[in-house]
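In: take this sequence and fold it.
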Amino acid sequence: MDTCEVLIAGGGPAGAACAWKLRQAGLDVMVADKAVFPRDKTCAGWITPQVLDELQIDPDEYRAHRTFQPITGFRVGVIGGEAAVEASYDRPASFGIRRCEFDHYLLLRSGARLRLGTAITSVRRDGGHWVVNEILRASMLVGAGGHFCPVARTLNGSADRAPLIAAQEVELEIDPREARSFAISAERPELYFCEDLKGYGWCFRKQDHLNIGFGRFDPHALPKASAEFVDFLKARRKIPADARWRWRGHAYLSSGPPRRRAAGDGVLLVGDAAGLAYPQSGEGIRPAIESGLIAASTIVEAKGRYTLDRLAMYESRLRSRFGAGLLTRLLSFIPAGVPEQLAVRLLDRPWFVRHVVLDRWFLHRHEPALALS
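Out: Take a look at the predicted model:
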């Protein structure tokens, strides 16, 4: 039996950020993941300057050997529409990364012991400890394995209590010479919303890679809506007309309440395992990282006594950090259908696109970097 103080199930950004913070505090931490890193993880993949600050990442050091695409603007429209609004920033508002590189970097940097290629097949409580796969024993367990995290199932059962978002994505390597033949700027990702605002697609060039994806609240409508989005991009020469690929899909919960229970005796959930993707954009990297850091601080403050009463503050911290903003709360009181009609009409207004859609819903520029001791 291999023992540790904290066992983190999942080596993505949430788990790696939590492990990094715990190791800084001197705790014995192990990260287990069914994948062997670096692993392929398709994702639109952009991180904001706040993420760099929270993780103390040196941009020059990171970009030396990895994809790091500055984003200085966006192009936003409606699928099927003729016009789109362009918004520009005087400095990078975000940075495009490849998850296969970024996640591996964070995991190695965490300093935790690693059990990679280890799928979590059993989780049980044994007195004041957790036993995983009958070979790992820990005083504290952190579920960081995404929507289907086995630790989340142990804590919440099989029923989910929040809306499910389904997405399909592909990331293609492109010849820079060929990129000139289609109209996608590396510094300016493009976002296109469905008319009912229940989904949106993106087309994002990260240096010599092109990422295309589509996400929607209605999983059953995803295949048809994704195909229509691809046809829309081809018709406007955003991607090559002969482009073919196989989609890779995933699902996750939005952070709008109610979400999964995230704390129990000796256990916390972080990132997608806790259902913390931003509801307006579906973006999950920053919530994953911040929840991992918040969980680590909560664990450190518990000082080895990992009972629910000492961990319960974690959920209140999540509500404070990821609760619905004022605009979202106001829209919830408007009759169904009216917010969508209003927002679609506003998507051709530069002010609304820049200050609401981009600054608040996608980039969360109004939220400073997480401050933790």
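
In: run me through the strand neighbours of the host helix or strand of residue 191, direction for each.
Out: Here residue 191 sits within strand 190-193, counting by DSSP states H and E. Next to strand 190-193 in the sheet, as set by DSSP bridges, lie strand 73-78 (parallel), strand 199-206 (antiparallel).

In: so how far is that strand from its chain's centroid?
Out: In terms of Cα atoms, centre = their mean, to the nearest Å, the centre of strand 190-193 is found 18 Å from the chain centre.

In: now do stretch 243-255
Out: With Cα atoms, centre = their mean as the basis, the mean position of stretch 243-255 lies at 13 Å from the chain mean.

In: how long is stretch 34-51 end to end?
Out: For stretch 34-51, the first-to-last residue distance is 26 Å (Cα to Cα, to the nearest Å).

In: strands of the stretch 151-300 of the chain, start to end?
Out: Along the stretch 151-300 of the chain, counting by DSSP state E, counting those that start in this stretch, strands occupy 164-173, 190-193, 199-206, 209-216, 248-253, 263-264, 267-269.

In: select the helix or strand of the chain having the lowest average pLDDT value.
Out: Least confident helix or strand, the chain: helix 326-331 with a mean of 46, by mean pLDDT, DSSP states H and E.

In: surely residue 62 is in a helix?
Out: Yes. Membership of residue 62 in a helix is supported by DSSP: H, G, I helix; E, B strand; the rest coil.

In: just give the closest residue to it, not the sequence neighbours.
Out: residue 68 (5.9 Å; Cβ to Cβ, 6 or more residues apart in numbering). In short, each C-beta sits where N, CA and C put it, glycine included.

In: redo the strands paired with strand 190-193 as CSV? Include mean neighbour count, mean pLDDT and distance to residue 48.
Out: Shown next, in CSV, are these (neighbours: other Cβ atoms under 10 Å; pLDDT from 0 to 100; distance: least, Cβ to Cβ, whole Å):
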stretch, mean neighbour count, mean pLDDT, distance to residue 48
strand 73-78, 21, 94, 13
strand 199-206, 24, 90, 15
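
In: would JSON lines of those with distance to residue 97 be doable?
Out: Shown next, in JSON lines, are the strands paired with strand 190-193 (distance: least, Cβ to Cβ, whole Å):
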{"stretch": "strand 73-78", "distance to residue 97": "17"}
{"stretch": "strand 199-206", "distance to residue 97": "7"}
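
In: looking at the ones you listed, which is closest to residue 124?
Out: Across the strands paired with strand 190-193, residue 124 has its closest neighbour in strand 199-206 (38.9 Å, Cβ to Cβ).

In: pLDDT weak spots in the stretch 201-350 of the chain?
Out: 253-259, 324-343 (pLDDT under 70).

In: quick one: the helices in it?
Out: Under the criterion DSSP state H, counting those that start in this stretch, helices of the stretch 201-350 of the chain are mapped to 222-235, 285-302, 308-311, 313-322, 326-331, 338-346, 350-352.
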